[in-house]
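> sequence and predicted structure below; questions after.
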Amino acid sequence: MPLTTFIVLPTYNEGENIVRLVPALFDLEVADLQVLVVDDNSPDGTGEIVETLAEQADYAGRLHVLHRPEKQGLAPAYIQGFTQALSMGADYVIQMDADLSHQPKYIPGLLRQAQEYDIVIGSRFADGGSVDEGWGPLRKLLSWWANRVYTPAILRIPIRDATGGFRIYRRDALVGMDMERVKANGYVFMVEMIYVAYRLGYRIGEIPIHFPDRQHGDSKMSSAIALEAALRVWQIRLRHRQLRPPLHASDAK
Ligand SMILES: Nc1nc2c(ncn2[C@@H]2O[C@H](COP(=O)(O)OP(=O)(O)OP(=O)(O)O)[C@@H](O)[C@H]2O)c(=O)[nH]1
Ligand SMILES: [Mg+2]
């Protein structure tokens, strides 16, 4: 039986992007692929657009929407989406933005690496990774520093894009991490998930990606949000630094 891969896409006003992204995902011809959109009642009707797409014969039974009542941030959207994907039988869960900054062409590479790792990050700051050519030097430097220097130093993790939101998780890792313990709301959720996984001993890999800026719709990110996320890295360290890998049965005396 082929393994089931679920792609979880949180959306808030991504109508113009989702109609491009969904066909591109199914064009990949990944075996037993399911797509789950988690929409926070987008005023532009993203949720309804996906419902309409889901009625097309091509996507029948493979495209799903979770409707949430209002914009509540990325973290609860992801947790609800991951939980639903697991309950629908996902063997692999891919998380990605719906704005096309995370390009579908990297998905086969993520799946390949997931044979060796429990979690694989599509990484902008690994060797060979890159960000949009339009980023100014200051933005590039700040983002590089936050990911390559600041976050790894505080958390003592050898990860080069802990804030990156393009990832694959193996089912057993996502279950073993117990998402209940992840408290972050918003963008720092990415960092908290990776820190918990690292402390628990899961194997984390990275593959380089190019990250183009969105062409349609508006970003929900701002410098205030980025600064808050940076400060919250300390909170995450305090919350989880005692975590240890669970003892293997054979290690127990
Ligand atoms: N369901 C849900 N999705 C959200 C929420 N906030 C952002 N998203 C989605 O999360 C993804 C990432 O959001 P973006 O606004 O692109 O933020 P970003 O990618 O960190 O920042 P940019 O680099 O500016 O694009 C997109 O698919 C958004 O639609 C939210 O509160 N609820
Ligand atoms: Mg984006």
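Ah, there it is. Ligands and ions are numbered 1, 2, ... in the order given.

> hang on, G122 in a strand?
Yes - assigned with DSSP: H, G, I helix; E, B strand; the rest coil, G122 falls within a strand.

> wait, a helix at M190?
Yes - assessed with three-state DSSP, M190 lies in a helix.

> list the contacts for it?
A162, T163, G164, G165 (Cβ atoms under 8 Å, 6 or more residues apart in numbering). (C-beta placed from N, C-alpha, C; glycine too.)

> where in the stretch 151-253 of the chain is pLDDT low?
Along the stretch 151-253 of the chain, the parts satisfying pLDDT under 70 run over 247-253.

> smallest gap between it and ligand 2, at which residue?
Residue nearest to ligand 2 within the stretch 151-253 of the chain: R214 (5.2 Å; Cβ to the ion).

> next up, the contacts around the residue nearest to that residue when sequence neighbours are not counted.
The shortest distance from R214 to any residue other than its chain neighbours is 4.0 Å, reached at D99 (Cβ to Cβ, 6 or more residues apart in numbering). By Cβ under 8 Å, 6+ apart, the residues touching D99 are E14, N17, R214, H216, G217, S219.

> now the buried members of those residues.
Neighbour-count burial (16 or more other Cβ atoms under 10 Å) applied to the contacts of D99 gives E14, N17, R214, G217.

> what pLDDT does the first one get?
At E14, the pLDDT value in this model is 98.

> which of the buried ones among the contacts of D99 fall in helices?
N17 (DSSP state H).

> tell me which stretches of the stretch 151-253 of the chain form strands.
167-170, 204-208, 210-211 (DSSP state E, counting those that start in this stretch).

> I'd like to know which of the ones you listed is closest to Y117.
In terms of Cβ to Cβ, the element of those nearest to Y117 is strand 204-208, at 3.6 Å.

> what residues does that closest one touch?
With contacts defined as Cβ under 8 Å, 6+ apart, strand 204-208 is touched by 106, 109-110, 113, 116-124, 126-130, 159-161, 194, 197-198.

> partner strands of that strand and their direction?
With DSSP bridges as the test, strand 204-208 is paired with strand 119-123 (parallel).

> after the strand it pairs with, which helix or strand is next?
Sequence order places strand 130-131 as the next helix or strand after strand 119-123, per DSSP states H and E.

> thinking again about what came up before, biggest separation within the buried ones among the contacts of D99, which pair?
Spanning the widest gap among those are E14 and R214, at 8.9 Å by Cβ to Cβ.

> near ligand 2 at all, stretch 128-148?
No - applying Cβ under 5 Å from the ion, one finds stretch 128-148 separated from ligand 2 by no less than 10.3 Å.

> check contacts around A114.
Each residue near A114 by Cβ under 8 Å, 6+ apart is listed here: Y92, V120, I168, R170.

> looking at those, spot the one nearest ligand 1.
Checking the contacts of A114 against ligand 1 with Cβ to the nearest ligand atom, the nearest one is I168 at 16.6 Å.

> ligand 2 contacts on this structure?
Counting by Cβ under 5 Å from the ion, the residues of the chain that sit close to ligand 2 are D97, D99, S101.

> and ligand 1, which of those residues reach it?
D97, D99, S101 (Cβ under 6 Å from any ligand atom).

> look up the pLDDT of the second one for me, please.
pLDDT, the model's per-residue confidence, is 97 for D99.
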